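Enquirer: Turn this into a structure:
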Amino acid sequence: MDFKSQNYAVEVEDLTVAYNAKPVLWDIDLKIPKGKLMAVIGPNGAGKTTLIKAMLGLLTPVSGAVRFINGEDVRSLKNHIGYVPQSGSVDWDFPATVLDVVLMGTYGKLGWIRRTRKADMELARQTLKKVGMEEYASRQISQLSGGQQQRVFLARTLAQAAEIYFMDEPFKGVDAQTEKAIVLLLKELKEQGKTVVVVHHDLQTVEDYFDWVTLINIRVVASGTVNEVFHEENLKKTYRSTGTLLRSVV
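Expert: Now for the predicted structure:
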């Protein structure tokens, strides 16, 4: 697969998603350029997580299409797409060690019935080292703090060696040190030419962390470079708010 032949990593066209006949996303058109570190922001209930899941094929839309590089769908590119779900959606009581969890990131290449290779074990340990969790390799995942668990899931995703990464609020519930470590990794992925899409809630850090932003509230309000679209007018449209709070973040 040649990931350098198109300008866009993801194209969403006329996407509508509904729960119990109530639209959660409506007529979404969105193009995500390759090699961007993009925040998806909007109020609670705006459809941010739904958008991520629809792009990943985890939800069936009422209408519309999602195309990846070279017009491929998510099934064709599953080994090239990494996903970090919200920490609250993960069963942390699952009996697995930290190293086991990270090795799961290599299963797309290995297949479920093939034995783990030495190279994959080394890759898993390297990714744990990147997130500062190497010394916890033999620890049960359930014994870790929330921030540590989030680092492990990030390591698992890095072990996939994907081209496009989706992360659903990776900073939620983590300490300042973990947040800083995650930001450095996201920027490193961008420097490698990867595309990273992050559901994000902290407006104060958008300009520091990201270079591209999509503002949504059931519909797309604006999408583009942070310098171009992350301003008070678009934030008012997105949050339907007075400028009182917004003046403190833009």
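Enquirer: can you give me how far stretch 148-165 is from the chain middle?
Expert: Stretch 148-165 sits 10 Å away from the centroid of its parent chain (Cα atoms, centre = their mean, to the nearest Å).
Enquirer: In contact with the residue sitting nearest the centre point of the chain, which residues?
Expert: Central residue of the chain (Cα atoms, centre = their mean): M167, 1.8 Å from the mean position. For M167, the contacting residues are 83-84, 154, 157, 186, 196-199, by Cβ atoms under 8 Å, 6 or more residues apart in numbering. (Each C-beta comes from the backbone N, C-alpha and C, glycine too.)
Enquirer: which secondary structure element contains it?
Expert: strand 164-168 (DSSP states H and E).
Enquirer: Which secondary structure elements does the following helix or strand past that strand sit against?
Expert: If you walk from strand 164-168 toward the C-terminus, the next helix or strand you reach (DSSP H and E) is helix 176-191. For helix 176-191, the packing partners by 3 or more Cβ pairs under 8 Å, 6 or more residues apart in numbering; DSSP states H and E come out as strand 37-41, helix 146-159, strand 195-199.
Enquirer: which of these has the lowest average pLDDT?
Expert: Here the helices and strands packed on helix 176-191 differ in mean pLDDT, and the lowest is helix 146-159 at a mean of 85.
Enquirer: Does V84 touch P170 like I think?
Expert: Yes: counting by Cβ atoms under 8 Å, P170 is a contact partner of V84 at 5.6 Å.
Enquirer: Neighbour count: these two, which is higher?
Expert: Taking neighbours as other Cβ atoms under 10 Å, V84 and P170 compare with P170 leading, 27 against 23.
Enquirer: Report the contact partners of S138.
Expert: S138 neighbours (Cβ under 8 Å, 6+ apart): 97-99.
Enquirer: on that earlier part again, quick check: the gap between the residue nearest to the centre of the chain and R139.
Expert: 23 Å (Cβ to Cβ, to the nearest Å).
Enquirer: Check T97 too.
Expert: From T97 to R139 the distance is 6 Å (Cβ to Cβ).
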